[in-house]
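> Let me see the structure of the following:
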Amino acid sequence: MNKRVVITGLGVTAPNGVGIPAFTNAIKNGLSGIRHDKQLQELQFSCQIAGKPEITAELKSQYFTDLELRGFNSTGILYGVMAGIEAWKNAGLPIEINKEPDWHSGAIFGSGTSGIDKFRESIYKIDELQTRKLGSTVVAQTMNSGISAYLGGKLGLGNQVTTNSSACSTGTEALIMAYDRIKSGQAKRILAGSTGDSGPYIWGGFDALRVCSSRYNNNPGQGSRPMSATAAGFVPGSGAGALVLEDLDTALERGATIYAEILGGNVNSGGQRGNGSMTAPNSIAVQRCITDAIRNSGITSSAIDAINGHLTATTKDSLEIENWTKALNRNGKDFPFINSLKSMTGHCLSAAGSIESVASVLQLHEGFVFGNTNCEDVHPEITALIDVSKIPLKTIQKDINIIAKASFGFGDVNACIIIKKYKN
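The predicted structure is shown next:
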């Protein structure tokens with residue numbers, strides 16, 4: 001089979017906007033979700049700012065019952081359930097209770113580490129000889145597949161329900177996995193996305209690696225500076241993004257809103273060879289991931305109008321731009337528009353690819369390219385490769401037809417997906 005795969009639902013729990021309306025407004029207007037984090041300051045982190053979704057108790061109660069919230073302590077599952085259910089409802093799909101499973105619908109919803117705060121709480125109880133007080137949901141909250149299990153149960157999904165995990169490429173990889181399953185006819189619909197926990201026990205290792213921004217603790221909104229000459233490391237973030245992928249025939253049959261079409265994608269690894277390592281990308285693999293994604297999509301590189309890059313505000317930004325120019329064989333003014341959501345959200349780690357994919361689809365569907373904040377001083381190594389006009393500082397209204405979204409992660413893993421404005 002060779003089904004066409006479209007996107008019919010969007011959901012997001014982001015540092016700069018919870019829910020699609022708030023998030024769309026934020027990215028169009030350059031609104032940052034990066035704030036000072038009192039806990040990081042108290043724990044003497046070098047980086048004391050972070051991007052964390054603001055969730056009220058009232059909002060939680062719209063997605064979880066009082067019983068479910070008793071002993072609940074997993075921000076990643078919270079964010080993922082919120083984004084996933086929003087995407088499901090946004091797609092116009094019902095949530096049916098006491099019916100048999102929906103055999104044609106599944107979830108591929110990634111995470112990096114699930115329920116780390118619940119893990120910490122459990123470790124203390126075990127050490128204090130209180131194992132029997134752990135509660136009945138500790139396993140579901142701390143297993144890596146907890147997010148897909150929660151979504152599968154809430155939505156009654158009967159097709160594949162699983163969690164992938166590939167560091168910062170997790171979310172983009174989940175979309176490609178969902179695309180492959182639908183394209184091959186094994187499912188009609190997949191809820192795809194990824195989530196990431198908040199807090200010091202997730203972010204501490206990166207602070208110890210000294211890859212996080214520490215110069216802007218008194219000016220949080222300026223802290224995340226992808227492609228900037230004054231970039232000083234990434235700002236840690238968290239949240240979740242979700243997209244409903246569906247085969248075109250099924251979407252048309254039920255009269256669904258179609259936000260975009262996925263043309264293809266690719267995932268690969270650099271094997272930590274060449275200039276690749278656990279923390280650095282193998283340039284040959286990155287370029288190959290992009291060129292293979294383009295070939296799998298049946299287009300040429302000249303058809304790409306915009307790129308939503310990985311671009312974390314580290315020293316690797318210039319290398320990423322160089323890899324794009326070589327993979328596309330385009331530079332200077334011929335290069336596509338490029339932007340990085342991380343200037344407004346920070347680096348949401350395992351959630352980054354899915355949140356940024358939601359932003360990519362919104363740009364296609366509504367006809368705009370959002371601006372790169374904190375990038376007035378583009379790094380000279382980047383301006384030597386591409387024209388500065390291709391790095392918009394403010395949102396521009398522009399009908400774009402094809403966008404390339406890529407994510408690169410620890411372990412030298414890569415994912416690139418090609419998304420097109422839907423035309424019947």
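> any idea how far Ala251 is from Ser74?
Between Ser74 and Ala251 the distance is 32 Å, computed by CB to CB, to the nearest Å. To be clear about C-beta, it is placed using only N, CA and C from the backbone, and glycine gets the same treatment.
> Run through who's touching stretch 60-78.
Counting by CB atoms under 8 Å, 6 or more residues apart in numbering, stretch 60-78 makes contact with 13, 55, 81-82, 85, 111, 113-115, 117-118, 121, 135, 137-138, 141-142, 146-147, 150, 195-199, 238, 240, all of which sit outside it.
> Ok, stretch 199-208 next?
Surrounding stretch 199-208, the residues in contact under the criterion CB under 8 Å, 6+ apart are 39-40, 43, 45-47, 50, 75, 112-113, 116-117, 119-120, 196, 212, 234, 236, 238, 349.
> out of those, which are inside helices?
Secondary structure defined by DSSP state H assigns 39-40, 75, 116-117, 119-120 of the contacts of stretch 199-208 to helices.
> and after the helix or strand of the chain with the lowest mean pLDDT, which helix or strand comes next?
For the chain, counting by mean pLDDT, DSSP states H and E, helix 116-127 ranks last in confidence among helices and strands (a mean of 85). Using DSSP states H and E, the helix or strand that follows helix 116-127 in sequence is helix 138-142.
> right, and the helix or strand after that next one?
Once the chain leaves helix 138-142, the next helix or strand it forms, by DSSP H and E, is helix 146-155.
> How much space separates Ser283 from Ile396?
In this view, Ser283 and Ile396 are 30 Å apart by CB to CB.
> So these two - more neighbours on which side?
In terms of neighbours (other CB atoms under 10 Å), Ser283 is the more surrounded of Ser283 and Ile396; the figures are 18 against 12.
> Does the more buried one touch Trp324 like I think?
No: counting by CB atoms under 8 Å, Ser283 stays clear of Trp324, with 10.8 Å between them.
> so what's Lys188 closest to, chain neighbours aside?
Spatial nearest neighbour of Lys188, excluding adjacent residues (CB to CB, 6 or more residues apart in numbering): His104 at 4.0 Å.
> Phi and psi next, for that neighbour.
Main-chain dihedrals, His104, degrees, to the nearest 10: phi -100, psi -10.
> now swap in the one 5 residues further on and tell me
Backbone dihedrals for Phe109, given as degrees, to the nearest 10, come out at phi -130, psi 110.
> can I assume it is in contact with Leu151?
Yes: here Phe109 lies in contact with Leu151, judged by CB under 8 Å, at a distance of 5.9 Å.
> higher neighbour count, the two?
Neighbours were counted for Phe109 and for Leu151 using other CB under 10 Å; Phe109 has more, 34 against 27.
> For the spatially closest residue to the more buried one that is not a sequence neighbour, list the residues it contacts.
Leaving aside its chain neighbours, Phe109 sits nearest to Ser148 (4.4 Å; criterion: CB to CB, 6+ apart). Remark: with contacts taken as CB under 8 Å, 6+ apart, Ser148 is in contact with 107-109, 161-163.
> Where helices are concerned, which of the residues you listed count?
Helix and strand membership here follows DSSP H; of the contacts of Ser148, not one is in helices.
> Adding distance to Gly223 and pLDDT, write the residues you listed out as CSV.
Listed next are the contacts of Ser148 as CSV, based on distance: CB to CB, whole Å; pLDDT from 0 to 100:
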residue, distance to Gly223, pLDDT
Ala107, 33, 98
Ile108, 32, 98
Phe109, 29, 98
Val161, 37, 98
Thr162, 35, 98
Thr163, 30, 98
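> Relative to Tyr179, which of these is nearest.
Top of the list for closeness to Tyr179, among those and by CB to CB, is Ile108 at 9.6 Å.
> Would you map out the domains in the chain?
For the chain, the domain assignment from automatic domain parsing gives the residue ranges 5-260, 265-417.
> out of these, which comes closest to Asn424?
domain 5-260 (7.9 Å).
> How far does the closest one stretch from one end to the other?
Its start and end residues considered, domain 5-260 measures 9 Å (CA to CA, to the nearest Å).
> Just the buried ones from the contacts of stretch 199-208?
If you count burial by 16 or more other CB atoms under 10 Å, the buried members of the contacts of stretch 199-208 come out as 40, 45, 47, 50, 75, 112-113, 116-117, 119, 196, 212, 234, 236, 238, 349.
> Alright, calling it a day.
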